[in-house]
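K.L.:
Generate coordinates for the sequence data below:
(chains A and B)
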Amino acid sequence: QQQVKQSPQSLIVQKGGISIINCAYENTAFDYFPWYQQFPGKGPALLIAIRPDVSEKKEGRFTISFNKSAKQFSLHIMDSQPGDSATYFCAAMTTDSWGKLQFGAGTQVVVTP
Amino acid sequence: NAGVTQTPKFQVLKTGQSMTLQCAQDMNHEYMSWYRQDPGMGLRLIHYSVGAGITDQGEVPNGYNVSRSTTEDFPLRLLSAAPSQTSVYFCASSYSPLEGLYNEQFFGPGTRLTVL
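P.N.:
Below you'll find the model as predicted:
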């Protein structure tokens, strides 16, 4: 049973549009929420991460929104570019169990020209 | 720095065969982990290690063994391969949270394993 539920499974967005990926979790002990980006044939790479003491974190065109009471967090990709086409994974972890990431199932994002 | 390296990139086994997937990192990271990636299931933790000589089980440890004799290396052993172990395997490493550094997990390029 996945502890982190991710939606949608796939997403097609036009260049310049906004991609939104949502994740929900049950374990209130989670205190670190990273997003990973994976290109075909490569390992995942950290994109952006947030801790539950803030509600939003922005790095360039990528923003994490975090809702602690709803136990949900989301990734927004603004001004989506063809180079953003990849699979995105949300994840969660507790500091006490560092190294034990719980991943969502992944979202394949395709940005059309 | 080479980062996290994994060998081999591809492997085909027959049911019942054994093999070792190699993982090495040159970043002096204490934490190392093994994940498997299957379609629609994300990545699932197999085993992890918080330092040389210390390992523990993750979510899906059955059929796999690990050991950690050095900080750099963390091999994953398949004892008797089964078709259910067909997957892409990723090794990852990070600093310990106790070191107070930004604790990004760095992933290797993966090993694609097929068990016939």
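
K.L.:
so what's the residue nearest to B:T111 when sequence neighbours are not counted up against?
P.N.:
Spatially, and ignoring its direct neighbours in sequence, B:T111 is nearest to B:Y89 (4.7 Å; CB to CB, 6 or more residues apart in numbering or on different chains). Where C-beta positions appear, they are placed from N, C-alpha and C, glycine not excepted. Residues counted as contacts of B:Y89 (CB atoms under 8 Å, 6 or more residues apart in numbering or on different chains) are B:6, B:21, B:34-37, B:46, B:76, B:110-111, B:113.

K.L.:
which SSE is B:Y89 in?
P.N.:
strand B:87-94 (DSSP states H and E).

K.L.:
For chain A, what lies in contact range of chain B?
P.N.:
Contact residues (CB under 8 Å from any CB of the partner chain) of chain A with chain B: A:2, A:4, A:6, A:9, A:32, A:34, A:36, A:41-46, A:49, A:89, A:95, A:98-106.

K.L.:
In its sheet, which strands sit next to the strand holding B:Y89, and in what direction?
P.N.:
Strand pairing for strand B:87-94, determined by DSSP bridges: strand B:31-38 (antiparallel), strand B:106-107 (antiparallel), strand B:111-115 (antiparallel).

K.L.:
Tell me the gap between the first one and the middle of its chain.
P.N.:
Mean C-alpha position of strand B:31-38 versus that of the full chain (CA atoms, centre = their mean, to the nearest Å) differs by 5 Å.

K.L.:
what does stretch B:67-82 give?
P.N.:
That offset, for stretch B:67-82, works out to 7 Å (CA atoms, centre = their mean).

K.L.:
Same question for stretch B:26-36.
P.N.:
That offset, for stretch B:26-36, works out to 8 Å (CA atoms, centre = their mean).

K.L.:
Could you export the strand holding B:Y89 as CSV, CA atoms only?
P.N.:
Taking C-alpha atoms only, strand B:87-94 is exported to CSV below (Å, rounded to 0.1, in the frame of the first residue of the first chain):
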residue,chain,number,x,y,z
SER,B,87,12.8,-4.3,-12.7
VAL,B,88,15.1,-1.3,-12.9
TYR,B,89,17.3,-1.0,-9.8
PHE,B,90,18.6,2.3,-8.5
CYS,B,91,21.2,3.0,-5.9
ALA,B,92,21.1,6.3,-4.0
SER,B,93,23.3,8.0,-1.5
SER,B,94,23.1,11.1,0.8
